[in-house]
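Trainee: Build me a model:
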Amino acid sequence: MKAGIIGGTGKMGRLFCPVFERAGYETLVSGRTTALTAEDLAGTCDIVVVSVPIRETENVIAEIAPVMEKSQLLCDFTSLKVAPVKAMLASKADVIGLHPMFGPSVSSIAGQTIVVCPARAPEETVARLTGIFTREGAVCTRATPEEHDRMMAVVQGLTHFVTICMADAMRRSGCDIRATEPYMSPVYQIELGLVGRLLSQDGALYADILEKNPYVPEVIDACRAAAEDLSAIVKSGDPAAFEAFFKQDNLHLGDYCGRGQELTDRLIECMVKR
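Mentor: Predicted structure coming up:
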């Protein structure tokens, strides 16, 4: 059995090659510098995974779809699912969309989440594929492509939007990051760490995540409305209005408030002991 990763010379591909090899697959990769082309790989492997930048994914799928047969399985690692899965369904192959919910800098996939979107595949094929990941300790979450993209509008879109806004607000306010270091609280350090982590990566990736998910704009609109309401309350100096605003979000998050407190307490403890 052969597994092939198109874009497999990239960081995510290099993370998953050993995963397929430990599952007993001979693993092939294609990339910009390999003699093996994407079409060659797609015509050879039992499992074909497209692991390329978001904006290139549909074009790559369109190139390989004509050479794939019913006996093969076609997957992708893209952060969006509706459009790539639709493109993959143009092939004759079984189709399962995948989204590893982590970056390639992790040491292994153990404890990490992979969203699985079966679009056209027998249940035994889905089970065989997810088994490769769960045996490595990963957690697989099943969803439709639409459910995935709606959820990513919050999990990725809102998170990244707010993080980038924080960075830009600090720039606009003339904040000297180094001057804040002697005053760092643990929460500020965590928030600033997330800003730095995001801005140290490829901006094109975050542009694609925010601009190509059709469900992101409505989430951003909600974020802007929340910011405008909170800004008006803060400027009014009305503690009762602030308490009401705070309380409604406390109730909405429910028991996750306590879970969030415990999680960040552990994180802060680790930061202090490092």
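Trainee: Show me where the chain has its strands.
Mentor: Counting by DSSP state E, one finds strands in the chain at the ranges 2-6, 26-30, 47-50, 73-76, 94-100, 113-120, 139-142.
Trainee: Quick one, which of those gets closest to residue 196.
Mentor: Between residue 196 and those, the tightest spacing by CB to CB is seen for strand 94-100, at 22.2 Å. For every residue, glycine as well, the C-beta is placed using N, CA and C.
Trainee: and the closest one, what does it pack onto?
Mentor: Packing partners of strand 94-100 (3 or more CB pairs under 8 Å, 6 or more residues apart in numbering; DSSP states H and E): strand 73-76, helix 82-88, strand 113-120, helix 123-134, helix 145-152.
Trainee: Buried residues in that strand, which are they?
Mentor: 94, 95, 96, 97, 98, 99, 100 (16 or more other CB atoms under 10 Å).
Trainee: Equivalent analysis for stretch 50-66, please.
Mentor: The neighbour-count check on stretch 50-66 (16+ other CB under 10 Å) flags 50, 51, 52, 54, 57, 58, 60, 61, 64, 65 as buried.
Trainee: thinking again about what came up before, would you turn the strands of the chain into TSV with distance to residue 184 and mean pLDDT?
Mentor: Output for the strands of the chain, formatted as TSV (distance: least, CB to CB, whole Å; pLDDT from 0 to 100):
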stretch	distance to residue 184	mean pLDDT
strand 2-6	41	97
strand 26-30	42	97
strand 47-50	41	98
strand 73-76	40	98
strand 94-100	32	98
strand 113-120	30	98
strand 139-142	33	98
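Trainee: Using CSV, lay out these together with distance to residue 254.
Mentor: Listed next are the strands of the chain as CSV, based on distance: least, CB to CB, whole Å:
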stretch, distance to residue 254
strand 2-6, 40
strand 26-30, 44
strand 47-50, 38
strand 73-76, 35
strand 94-100, 26
strand 113-120, 21
strand 139-142, 21
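Trainee: Out of those, which gets nearest to residue 187?
Mentor: Closest to residue 187 of the strands of the chain, according to CB to CB: strand 113-120, at 24.7 Å.
Trainee: List the strands paired with that closest one, with their directions.
Mentor: Using DSSP bridges, strand 113-120 pairs in its sheet with strand 94-100 (antiparallel), strand 139-142 (parallel).
Trainee: buried residues in it?
Mentor: Buried residues in strand 113-120, counting neighbours by 16+ other CB under 10 Å, are found at 114, 115, 116, 117, 118, 119, 120.
Trainee: Equivalent analysis for stretch 241-257, please.
Mentor: residue 245.
Trainee: contacting residues for residue 8?
Mentor: Applying CB atoms under 8 Å, 6 or more residues apart in numbering, we find residue 8 in contact with 14, 16, 17, 27, 28, 29, 30, 31, 49, 51.
Trainee: Now, of the residues you listed, which are buried?
Mentor: Buried subset of those (neighbour count, 16+ other CB under 10 Å): 16, 17, 27, 28, 29, 30, 31, 49, 51.
Trainee: Name the nearest of those relative to residue 190.
Mentor: residue 16 (28.9 Å).
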